[in-house]
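Enquirer: what shape does this take:
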Amino acid sequence: MGAVILIVIGLAVVAMASANFKNQTGVDAPTRSALKGMRRRARKAGVSEEQYFNGWVERKRRRK
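Expert: Prediction:
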(Lines give C-alpha, C1' and ligand atoms only; values in the text may rest on other atoms or scores of the structure.)
Protein backbone atom coordinates (compact mmCIF):
# COMPACT_ATOMS: atom_id res chain seq x y z
CA MET A 1 0.00 0.00 0.00
CA GLY A 2 2.81 2.42 0.88
CA ALA A 3 4.60 1.72 -2.41
CA VAL A 4 1.50 2.59 -4.40
CA ILE A 5 1.20 5.92 -2.61
CA LEU A 6 4.85 6.72 -3.34
CA ILE A 7 4.40 5.86 -7.01
CA VAL A 8 1.34 8.11 -7.27
CA ILE A 9 3.18 10.98 -5.57
CA GLY A 10 6.19 10.46 -7.85
CA LEU A 11 4.02 10.56 -10.98
CA ALA A 12 2.32 13.71 -9.73
CA VAL A 13 5.70 15.41 -9.22
CA VAL A 14 6.84 14.44 -12.72
CA ALA A 15 3.59 15.72 -14.23
CA MET A 16 3.94 19.03 -12.38
CA ALA A 17 7.54 19.43 -13.55
CA SER A 18 6.53 18.74 -17.15
CA ALA A 19 3.66 21.22 -16.98
CA ASN A 20 5.94 23.83 -15.43
CA PHE A 21 8.50 23.35 -18.22
CA LYS A 22 5.81 23.73 -20.88
CA ASN A 23 4.46 26.90 -19.23
CA GLN A 24 7.95 28.44 -19.13
CA THR A 25 9.15 27.46 -22.61
CA GLY A 26 6.02 26.79 -24.66
CA VAL A 27 7.25 23.33 -25.74
CA ASP A 28 6.91 19.87 -24.26
CA ALA A 29 9.73 18.67 -22.02
CA PRO A 30 12.24 16.35 -23.70
CA THR A 31 12.25 12.67 -22.85
CA ARG A 32 15.18 11.08 -21.05
CA SER A 33 16.39 9.52 -24.30
CA ALA A 34 16.15 12.90 -26.05
CA LEU A 35 18.26 14.48 -23.30
CA LYS A 36 20.84 11.71 -23.70
CA GLY A 37 20.98 12.37 -27.44
CA MET A 38 21.34 16.11 -26.85
CA ARG A 39 24.29 15.55 -24.53
CA ARG A 40 25.95 13.31 -27.13
CA ARG A 41 25.36 15.77 -29.99
CA ALA A 42 26.59 18.69 -27.88
CA ARG A 43 29.84 16.86 -27.19
CA LYS A 44 30.22 16.07 -30.90
CA ALA A 45 29.55 19.69 -31.86
CA GLY A 46 31.93 20.98 -29.19
CA VAL A 47 29.36 23.20 -27.48
CA SER A 48 28.02 23.21 -23.95
CA GLU A 49 24.94 21.18 -23.11
CA GLU A 50 23.18 24.40 -22.11
CA GLN A 51 23.83 26.02 -25.49
CA TYR A 52 22.64 22.92 -27.33
CA PHE A 53 19.53 22.65 -25.14
CA ASN A 54 18.63 26.32 -25.71
CA GLY A 55 18.99 25.80 -29.45
CA TRP A 56 16.76 22.74 -29.24
CA VAL A 57 14.05 24.72 -27.43
CA GLU A 58 14.24 27.47 -30.06
CA ARG A 59 13.93 24.95 -32.91
CA LYS A 60 10.90 23.37 -31.22
CA ARG A 61 9.27 26.81 -30.79
CA ARG A 62 9.71 27.61 -34.48
CA ARG A 63 8.02 24.33 -35.47
CA LYS A 64 4.86 25.15 -33.53
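
Enquirer: got the contact list for stretch 54-64?
Expert: For stretch 54-64, the external contacting residues (Cβ atoms under 8 Å, 6 or more residues apart in numbering) are 25-28, 30, 38. C-betas here are computed from N, CA, C, even on glycine.

Enquirer: run the last query once more with 7 Å
Expert: The contact list for stretch 54-64, computed with Cβ atoms under 7 Å, 6 or more residues apart in numbering, reads 25-27, 38.

Enquirer: can you check stretch 28-45 too?
Expert: Residues contacting stretch 28-45 (Cβ under 7 Å, 6+ apart): 18, 21-22, 48-49, 52-53, 56.

Enquirer: got the contacts of stretch 54-64 as JSON lines, with neighbour count and secondary structure columns?
Expert: Formatted as JSON lines, these follow (neighbours: other Cβ atoms under 10 Å; DSSP: H, G, I helix; E, B strand; the rest coil):
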{"residue": "T25", "neighbour count": "14", "secondary structure": "helix"}
{"residue": "G26", "neighbour count": "11", "secondary structure": "coil"}
{"residue": "V27", "neighbour count": "16", "secondary structure": "coil"}
{"residue": "M38", "neighbour count": "16", "secondary structure": "helix"}
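
Enquirer: need these in JSON lines (columns: distance to A12).
Expert: Output for the contacts of stretch 54-64, formatted as JSON lines (distance: Cβ to Cβ, whole Å):
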{"residue": "T25", "distance to A12": "21"}
{"residue": "G26", "distance to A12": "23"}
{"residue": "V27", "distance to A12": "22"}
{"residue": "M38", "distance to A12": "26"}
